[in-house]
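[1] following is a predicted model, sequence given first.
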Protein chains: 2
Amino acid sequence: MKRQLISSRGNQHFKHLKKLNESPRYRHEVQQTILDGIHLIESYAERFGSPDSVALIQGSDIDKIAPYLNEDTQVLEFPAGLFSEIAPVISPTGILASINIPHLETPENQNCILLLEDIQDPGNLGSILRSASASGVDLVYLSDHCADIWSPKVLRGGQGAHFYLPCIENAVFSDITKAFKGKIFATELTGKSVFKENLKGPVAFIFGNEGNGLQSETIGLAYDSIHIPMEKGIESLNVSAAVSICLYEKYRQENSNV
Amino acid sequence: MKRQLISSRGNQHFKHLKKLNESPRYRHEVQQTILDGIHLIESYAERFGSPDSVALIQGSDIDKIAPYLNEDTQVLEFPAGLFSEIAPVISPTGILASINIPHLETPENQNCILLLEDIQDPGNLGSILRSASASGVDLVYLSDHCADIWSPKVLRGGQGAHFYLPCIENAVFSDITKAFKGKIFATELTGKSVFKENLKGPVAFIFGNEGNGLQSETIGLAYDSIHIPMEKGIESLNVSAAVSICLYEKYRQENSNV
């Protein structure tokens, strides 16, 4: 590894990391993003090898991250004040990595796919990707008003899901549903209970925005509508909870031995 | 209703609302909290009647909230700048209400109870309470390091669950598990699959902190351990997703007609 101490805001590495942290547009332009914390870096390294560069607070113990680096990895050290300007806002861990955004292959076998319309909270989106990957979803499509899946907050919420689960942004749902060979379920309050549906075999689930639910045109793309039964004055669940329940109901139906 | 325009930071109502928004300690001292937005106010009013007072941005349309008020409700109007100082930080809706914290009776019939150890993210906690209420949980116990359930962020995440679901804070878990007549499940990675357990009849679920999971002493209080099966490099789910999956698996087993 190559170590370098950076103490100026004019430094190109500083500017690059700051923009990666702050700007969705820049991330997509350069096709890079930032991983916050050792867990994500470890998860990335297991799948794709060492990151291009890591950034640390000056004086940090480099040993804990050394296993995930190779001789070409750039190690950039920053004084704490400067580091805080490039770190994602919530609970900065003192270790970042910059990586190329991975492009996972679209799988041919699509037994479960997920269509997300305008999911805007990064924490929700990260948690959804995590449950999707864990329950064996093959592919996720996101409409153009979803949060940026490569933002540090969504990555943190995803806890490594991004490195296993192919995701396609800016998707046009009508094209996808037309091509999909399987049942397509929209989720809305007037739907049938998800626990009464046969979810075995190829299924697409469509979930909508946190506040507004699905647009009616999107519901029109589905084979049927489902909902999760609710008691005691509750009208809806958090979208990440709802997605997780539906995906695991499919998982349960298909894995009687789990 | 009685309307009053407030334009000074020295005003007692302004000071009271600001402290309710910011200080868990003050909320517990005065046993009041703040509801942010029309949906929560509506949900509260349906259950307990009109709130003591509502706060609006000066010039707001009062008609949309009028159905939930009565002749004794104080309507406090603030210039936008002052209002922003008393409003919870994320997406302030321009309408707040201050209410007495309701105390719901502990139900005698406890078919499903939930024990939450050190759940610290307000969004997660709110979402958990929402899923718990929706799936028919009778009672929730929270350890003393959980987020304050009466904070505006947890209330927003709960979407009204707080008004239906009895919650007991600062609970000592060993007392509760000793007294509980039913199966007690701790959730940990080495547990059995939740989908293989018989969850019918009285069950207590114990869930742990977002980062650290359950303390080993807490696991020792349980009858058995369960986990949710996971694929593709994911080691754990978001705690709110995990809680929702487990609660709805019990719900599904007990409601074959849903």
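    Received it, and whenever you're ready, just let me know what you need. Numbers count the residues shown, from 1 in each chain, chains lettered A, B, ... in the order given.
[2] can you give me the buried ones in the biggest helix by length in chain A?
    Longest helix in chain A by number of residues, with DSSP state H as the criterion: helix A:239-254. Neighbour-count burial for helix A:239-254 flags A:239-253 (criterion: 16 or more other CB atoms under 10 Å in any protein chain shown). Where you see a C-beta, it was placed from the backbone N, CA and C, and this is true even at glycine.
[3] point out the residues in the stretch 51-200 of chain A that sit beside chain B.
    Proximity of the stretch 51-200 of chain A to chain B, by CB under 8 Å from any CB of the partner chain, involves residues A:123, A:126-127, A:130-131, A:133-136, A:157, A:159-161, A:163-165, A:193, A:195-196.
[4] tell me if the longest helix of chain A is near chain B.
    Yes. Residues of helix A:239-254 contacting chain B under CB under 8 Å from any CB: A:240-245, A:248-249, A:251-252.
[5] pLDDT and distance to A:Pro107 for these - can I get that in a markdown table?
    What follows is the residues of helix A:239-254 next to chain B, written out as a markdown table (pLDDT from 0 to 100; distance: CB to CB, whole Å):
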| residue | pLDDT | distance to A:Pro107 |
| --- | --- | --- |
| A:Ser240 | 97 | 23 |
| A:Ala241 | 97 | 26 |
| A:Ala242 | 97 | 24 |
| A:Val243 | 98 | 19 |
| A:Ser244 | 98 | 21 |
| A:Ile245 | 98 | 24 |
| A:Tyr248 | 98 | 20 |
| A:Glu249 | 98 | 22 |
| A:Tyr251 | 97 | 17 |
| A:Arg252 | 97 | 22 |
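[6] now the longest helix of chain A - C-alpha only, PDB.
    Extracted C-alpha coordinates of helix A:239-254, given in PDB (Å, rounded to 0.1, in the frame of the first residue of the first chain):
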ATOM      1  CA  VAL A 239     -42.300   0.100   3.300                       C
ATOM      2  CA  SER A 240     -39.100  -1.800   4.300                       C
ATOM      3  CA  ALA A 241     -41.100  -3.900   6.800                       C
ATOM      4  CA  ALA A 242     -43.800  -4.600   4.100                       C
ATOM      5  CA  VAL A 243     -41.300  -5.600   1.500                       C
ATOM      6  CA  SER A 244     -39.500  -7.900   4.000                       C
ATOM      7  CA  ILE A 245     -42.700  -9.700   5.000                       C
ATOM      8  CA  CYS A 246     -43.800 -10.300   1.400                       C
ATOM      9  CA  LEU A 247     -40.400 -11.500   0.200                       C
ATOM     10  CA  TYR A 248     -40.000 -13.900   3.200                       C
ATOM     11  CA  GLU A 249     -43.500 -15.200   2.700                       C
ATOM     12  CA  LYS A 250     -42.400 -16.200  -0.800                       C
ATOM     13  CA  TYR A 251     -39.200 -17.600   0.600                       C
ATOM     14  CA  ARG A 252     -41.100 -19.600   3.200                       C
ATOM     15  CA  GLN A 253     -43.500 -21.100   0.700                       C
ATOM     16  CA  GLU A 254     -40.700 -22.200  -1.500                       C
END
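[7] report the angle between that helix and helix B:239-254.
    Following axes from the mean of the first three to the mean of the last three CA atoms, to 10 degrees, one obtains 50 degrees for the angle between helix A:239-254 and helix B:239-254.
[8] so what does helix A:239-254 touch, helix or strand wise?
    If contacts are counted by 3 or more CB pairs under 8 Å, 6 or more residues apart in numbering or on different chains; DSSP states H and E, helix A:239-254 sits against strand A:112-116, helix A:122-134, strand A:183-193, strand A:203-207, helix B:122-134, helix B:239-254.
[9] what about 10 Å?
    On a contact count with 3 or more CB pairs under 10 Å, 6 or more residues apart in numbering or on different chains; DSSP states H and E, helix A:239-254 meets strand A:112-116, helix A:122-134, strand A:183-193, strand A:203-207, strand A:224-227, helix B:122-134, helix B:239-254.
[10] and of those, who's closest to B:Cys112?
    Closest approach to B:Cys112 among the helices and strands packed on helix A:239-254 is made by helix B:239-254 (6.1 Å; CB to CB).
[11] quick one: low-confidence parts of chain A?
    A:90-92, A:232, A:257-258 (pLDDT under 70).
[12] returning to that earlier point: could you dump the helices and strands packed on helix A:239-254 into TSV and include distance to B:Glu217?
    Shown next, in TSV, are the helices and strands packed on helix A:239-254 (distance: least, CB to CB, whole Å):
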stretch	distance to B:Glu217
strand A:112-116	38
helix A:122-134	28
strand A:183-193	39
strand A:203-207	38
strand A:224-227	40
helix B:122-134	22
helix B:239-254	19
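[13] which of those sits closest to A:Glu22?
    Set against A:Glu22 and scored by CB to CB, the helices and strands packed on helix A:239-254 come closest in helix A:122-134, at 13.6 Å.
[14] which SSE is immediately downstream of the closest one?
    Next in sequence after helix A:122-134, counting helices and strands by DSSP states H and E, comes strand A:139-142.
[15] distance from the chain centre to that following strand, please.
    Mean-position distance between strand A:139-142 and its chain equals 10 Å (CA atoms, centre = their mean, to the nearest Å).
[16] so A:Arg9 is in contact with A:Lys15, correct?
    Yes. With contact defined as CB atoms under 10 Å, A:Arg9 reaches A:Lys15; the gap is 7.7 Å.
[17] so between the two, which is more surrounded?
    Set side by side, A:Arg9 and A:Lys15 show more neighbours around A:Lys15, with 13 against 10, by other CB atoms under 10 Å in any protein chain shown.
[18] ok, that one - contacts?
    When contacts are counted by CB atoms under 10 Å, 6 or more residues apart in numbering or on different chains, A:Lys15 is found next to A:8-9, A:86.
[19] how close does A:Asp72 sit to A:Leu5?
    In this structure, A:Asp72 lies at 19 Å from A:Leu5, with CB to CB, to the nearest Å as the measure.
[20] perfect, that will be all.
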